[in-house]
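In: would you be able to build a 3D model of this:
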Amino acid sequence: MGLDPEDVFKDEEDDPDNEFFQQSESSKEYVVYLVDASPKMFNTTCPGNDQKDETHFHTSVSCIAGSLKTQIISRSYDEVAICFFNTREKKNLQDLNGVFVFNVAEREHLDRPTARLIKEFDCIEESFMREIGSQYGIVPGSRENSLYNALWVAQALLRKGSIKTADKRILLFTNEDDPFGSLQDAAKKDMTRTTLQRAKDAQDLGISIELLPLSRPDSEFNVSTFYADLIGLDGEDLAQFMPSASQKLEDMKDQLRKRMFTKRVVRRIEFHIANGLSIALNTYALIRPTVPGAITWLDSVTNHPLKTERSLICEDTGALIQEPPKLFQPYRNENVKFLPEEIAEIKRISPGKLRLLGFKPLSCLKDYYNLRPSTFVYPSDQEVVGSTCIFIALHRSMLKHKRFAVAYYGASSHPQLVALVAQDEITSAGAQMEPPGMHMIYLPYSDDIRDDEEIFPDTEEDAPRADEDQIQKAAALIKRIYVKDFSAFQFANPALQRHYAVLQALALAEDDIPETIDETAPDEEGLTRPAVVKAAEAFKLSVYGDSYDEESDMGKEKMSEASRKRKAIAENAAKDYDWGNLADKGQLKNLTVGDLKVYLNAHNLPVSGKKEALISRILTHMGK
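Out: Just a heads-up that it's a prediction; the model follows:
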């Protein structure tokens, strides 16, 4: 049975008309890329991915270009701006020297990335020296401070939006760890002080500044010289900065095309504990399957998204019906009318609250009880003050006594029992891997749990059982090919990666589709190791014996008795129609989809697609 991923992961009451449902808008992210364009960025080279030397300027540009391409897929509503400093030409609203804001026509300076922006930015290196130019913006005897000007321009670009609904960041690419090293004494102190103050002013406005240092081959980037004060590093953070910054730069070079979902509150529920004591909980979906984006219909002239509107027309008069349609139910020759609110109230079985029933040992919670993805719950003091304090006390007690809570979840359409399982916080290298809270597991009813189906239902024979030797050989083989520290997040969906690569090639008019690597394919090199081959041969020998001929079984299709019966029925049903005559007269379109599938099933052809596709498949098979 196919499942809709969006339907599996949403609660029963994900309904805009429901008072307990809350859809919070995902916060945007505004990013300004600040790229140092001084001559040092063009003179310094480092080995790239293909082991050829490339300049630090090329590294910065390629990182930003890759980030823009993946951003359209991962966070399509984020807005970016690209700004160069230490430039010969100037282009910014403040008319400050040494700062050039790169942009294209029909786009704001801070706006969502477009295909034209990405295409022109990919070619920026070819025209940079001719149209923008590079120069040292901080030199002795001059009061010009290009870094100060760049921070000022970036801060002005990020005035858009509120810090309550948007995350604002400045990403700074440079290989100069001491931008004021050429100055002396008072001039150096003055420029350092004013630049640090400008950075502090930006941070006070909720703008975070992130440094992406580029180390030279002959010397390591010394963040302590100046930038530690600018971005606020000290102590342990200072010691761990360079390794983490290098990793961040590598991640930007090789970004994975994936859709990012911000953690939002799916809905808010009220948790009744005992004696009128209630707390407020927020529910979250921690993991969601990623599917290709929905089709967006665009206007053929303006290329703007189309908005679909539905109108109801009276069959008798042809006039537009302005009032909402009324619902009715026939009863004793009379139509009983209902308001939409009354229909919603009739369908509501329970008020939609969570009520604690008791506690049970964790050993009573079986794995097969989890019939659908669980929901993560976390307290909220916004509705009920003190919810967090009570939740923490309950959470710690459940962890201490190894108990889970059994509660009645009064969902409006499907009330059921749930298990609240406490989860402790899991950290690694100072970072949170798993948040503290509780998982709400939806428990099945008794008739939801069925006995295992027999493998051979049409015969009285028992299903074959493996003997002890076969079990040991299988365990040895599994041990040889066991993947250590496995996580589903280690593998990218190859179909989605291919889908995104094709979209990128179409949007940017690229001749070649970017190559995608299928990480789910078997590790052929690993499977040819002598130890693995030996374990596989031993397992095959224990199951099939010495007389097994592998080549004789290659290409043979094993069909069960039930499959043979279904095929025979389909073939007999297909004889009821003169398919050749129907095809010649063009009367296949008069048949139903079910009738067309009879022919397809009888000839082992695919049955997916719309009616026109089925007819085309039949005609192709018949050679018409």
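
In: low-confidence ranges, this protein, go.
Out: For the chain, applying pLDDT under 70 flags the ranges 1-27, 44-52, 74-75, 244-264, 412-413, 429-431, 451-463, 548-576, 624.

In: what's the domain layout of it?
Out: Annotated domains of the chain cover 25-260, 265-453, 468-557, 561-622 [automatic domain parsing].

In: quick one, helices of the stretch 451-600 of the chain?
Out: For the stretch 451-600 of the chain, applying DSSP state H, counting those that start in this stretch gives helices covering 468-480, 494-507, 524-527, 530-544, 561-574, 579-584, 593-602.

In: if you could redo that for the stretch 301-450 of the chain, that was the one I meant.
Out: 340-347, 387-401.

In: redo the ones you listed as a markdown table? Include distance to residue 201.
Out: (Glycine included, C-beta is placed from N, CA and C.) Below are the helices of the stretch 301-450 of the chain laid out as a markdown table (distance: least, C-beta to C-beta, whole Å):
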| stretch | distance to residue 201 |
| --- | --- |
| helix 340-347 | 52 |
| helix 387-401 | 34 |
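
In: what's the most buried one of those helices?
Out: helix 387-401 (a mean of 15; mean count of other C-beta atoms under 10 Å).

In: now that helix: how far from the chain's centre is it?
Out: Centroid displacement of helix 387-401 relative to its chain, using C-alpha atoms, centre = their mean, to the nearest Å, is 31 Å.

In: for it, name the packing helices and strands.
Out: For helix 387-401, the elements it packs on are strand 277-284, strand 375-379, strand 403-409, strand 416-423, strand 437-442, judged by 3 or more C-beta pairs under 8 Å, 6 or more residues apart in numbering; DSSP states H and E.

In: now those as CSV including distance to residue 471 and mean neighbour count?
Out: Listed next are these as CSV, based on distance: least, C-beta to C-beta, whole Å; neighbours: other C-beta atoms under 10 Å:
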stretch, distance to residue 471, mean neighbour count
strand 277-284, 41, 19
strand 375-379, 38, 21
strand 403-409, 33, 20
strand 416-423, 32, 19
strand 437-442, 32, 21
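
In: tell me how many other residues surround residue 136.
Out: Neighbourhood size, residue 136 [other C-beta atoms under 10 Å]: 16.

In: which one is it nearest to, not counting chain neighbours?
Out: In space, and not counting its chain neighbours, residue 136 is closest to residue 38: 5.6 Å by C-beta to C-beta, 6 or more residues apart in numbering.

In: so that neighbour versus residue 491, what's the distance?
Out: 41 Å (C-beta to C-beta, to the nearest Å).

In: same thing with residue 394?
Out: If you go by C-beta to C-beta, the gap between residue 394 and residue 491 works out to 37 Å.

In: can you check residue 237 too?
Out: Going from residue 237 to residue 491 by C-beta to C-beta gives 32 Å.

In: figure out which of the helices of the stretch 301-450 of the chain is closest to residue 450.
Out: Closest of these to residue 450 is helix 340-347, at 27.8 Å (criterion: C-beta to C-beta).

In: export that closest one as PDB, just CAs?
Out: Output of helix 340-347 as PDB, limited to C-alpha atoms (Å, rounded to 0.1, in the frame of the first residue of the first chain):
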ATOM      1  CA  PRO A 340     -19.900  23.800   8.000                       C
ATOM      2  CA  GLU A 341     -19.400  24.400  11.800                       C
ATOM      3  CA  GLU A 342     -22.000  21.800  12.600                       C
ATOM      4  CA  ILE A 343     -20.400  19.300  10.300                       C
ATOM      5  CA  ALA A 344     -17.000  19.900  12.000                       C
ATOM      6  CA  GLU A 345     -18.600  19.500  15.400                       C
ATOM      7  CA  ILE A 346     -20.300  16.200  14.400                       C
ATOM      8  CA  LYS A 347     -17.000  14.800  13.200                       C
END
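
In: gap between that helix and the chain center?
Out: For helix 340-347, the gap between its own C-alpha mean and the chain's C-alpha mean amounts to 36 Å (C-alpha atoms, centre = their mean).

In: list the buried residues of stretch 356-376.
Out: Using 16 or more other C-beta atoms under 10 Å as the test for burial, stretch 356-376 gives 356, 365, 373-376.

In: got the contact list for it?
Out: For stretch 356-376, the external contacting residues (C-beta atoms under 8 Å, 6 or more residues apart in numbering) are 8-9, 11, 266, 271-274, 283-287, 398, 401-408, 417, 419, 421, 435, 437-444, 448-449.

In: repeat that for stretch 132-141.
Out: Under the contact criterion C-beta under 8 Å, 6+ apart, stretch 132-141 has outside partners 37-39, 41-42, 84-89, 97-98, 100, 128, 144-147, 149, 179-180, 182-184, 187, 191.

In: in it, what counts as buried?
Out: Using 16+ other C-beta under 10 Å as the burial criterion, the residues of stretch 132-141 that qualify are 132, 134, 136-138.

In: same deal with stretch 71-83?
Out: Under the neighbour-count criterion of 16+ other C-beta under 10 Å, stretch 71-83 has 71-75, 78-83 buried.

In: now render those residues as JSON lines, adding distance to residue 202 and secondary structure.
Out: Output for those, formatted as JSON lines (distance: C-beta to C-beta, whole Å; DSSP: H, G, I helix; E, B strand; the rest coil):
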{"residue": "71", "distance to residue 202": "22", "secondary structure": "helix"}
{"residue": "72", "distance to residue 202": "27", "secondary structure": "helix"}
{"residue": "73", "distance to residue 202": "29", "secondary structure": "helix"}
{"residue": "74", "distance to residue 202": "25", "secondary structure": "helix"}
{"residue": "75", "distance to residue 202": "22", "secondary structure": "coil"}
{"residue": "78", "distance to residue 202": "19", "secondary structure": "coil"}
{"residue": "79", "distance to residue 202": "17", "secondary structure": "strand"}
{"residue": "80", "distance to residue 202": "17", "secondary structure": "strand"}
{"residue": "81", "distance to residue 202": "14", "secondary structure": "strand"}
{"residue": "82", "distance to residue 202": "18", "secondary structure": "strand"}
{"residue": "83", "distance to residue 202": "13", "secondary structure": "strand"}
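
In: I appreciate the help and will end here.
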